[in-house]
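Asks: structure, please.
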Amino acid sequence: MSDSVERVRAALSAAGHPDTIDLFPDGTRTAQDAANAVGCTVAQIAKSIVLRAGEQVVLVIASGVNRVDVGKIAKVVGQPVKPADGRWVRDVTGFAIGGVAPVGHLAPPRIFIDEDLMALDPVFAAAGTPKHVFRTSAAELARMTGGTVADVKEG
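Replies: Down below sits the predicted model:
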């Protein structure tokens, strides 16, 4: 098991969440891949989008069908935000793109949760690699991460 999956497992345990991590050998790198592997709708995939506000890590946990509006995030954060490159994501979160989990980060990011996820149960999130996913609920994601539920989607 990879160190990043073990970090997610430890974070779930520390939050009192059951270990619902599953391995999908064919991969779950994209929301569509994850939905196909898990057998759910793309909307039920809680994708983790890492943004950069200067040196601050901003994590948006969005429904797999939604695109994140960085302008909305910038207004709430109070400074410009931009998509983060893969190397920076790995360095600051400890996860590779495609496997960024909502929990278990090397340093706590500022977290926003797509309000559209709140109507869905269950939801599935990356668990540290592009082949590991865990089952949870949006309410549990909000509780475990302390994230702010917000309107984050484009349109």
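Asks: who's in contact with Pro102?
Replies: Neighbour list for Pro102: 46, 48, 59, 61, 111, 125-126, 141, 144-145, 147 [criterion: C-beta atoms under 8 Å, 6 or more residues apart in numbering]. C-beta here means a position set from N, CA and C on the backbone, and glycine is covered the same way.
Asks: farthest pair within those?
Replies: Using C-beta to C-beta, the pair of the contacts of Pro102 lying farthest apart is Ala126 and Gly147, separated by 15.1 Å.
Asks: settle it for me: which of the two has more neighbours?
Replies: The residue with more neighbours, out of Ala126 and Gly147 and counting by other C-beta atoms under 10 Å, is Ala126; that gives 30 against 20.
Asks: just give the nearest non-adjacent residue to Ser48, would you?
Replies: Leaving aside its sequence neighbours, Ser48 sits nearest to Val100 (C-beta to C-beta, 6 or more residues apart in numbering; 4.0 Å).
Asks: can you pull out the strands in this structure?
Replies: Using DSSP state E, the strands found in the chain span residues 21-23, 45-53, 56-63, 82-83, 110-114, 123-126, 132-136, 148-150.
Asks: other SSEs contacting the fifth one?
Replies: Applying 3 or more C-beta pairs under 8 Å, 6 or more residues apart in numbering; DSSP states H and E, we find strand 110-114 packed against strand 56-63, helix 70-77, helix 138-145, strand 148-150.
Asks: so for that strand, what's the average pLDDT?
Replies: The pLDDT scores in strand 110-114 average 98.
Asks: over to the fourth one?
Replies: Per-residue confidence for strand 82-83 averages out to 95 on the pLDDT scale.
Asks: any residues touching that strand, and which ones?
Replies: So strand 82-83 is contacted by 49-52, 70 (C-beta under 8 Å, 6+ apart).
Asks: just give me the residue closest to the centre of the chain.
Replies: In the chain, the centroid-proximal residue (C-alpha atoms, centre = their mean) is Ser48; its distance is 2.7 Å.
Asks: any idea of the pLDDT on that one?
Replies: pLDDT for Ser48: 96.
Asks: wait, it touches Gly64, no?
Replies: No. Counting by C-beta atoms under 8 Å, Ser48 does not reach Gly64; the two are 10.8 Å apart.
Asks: on that earlier part again, among the strands of the chain, which is the most enclosed?
Replies: Mean neighbour counts were compared across the strands of the chain using mean count of other C-beta atoms under 10 Å; the top stretch is strand 123-126, at a mean of 27.
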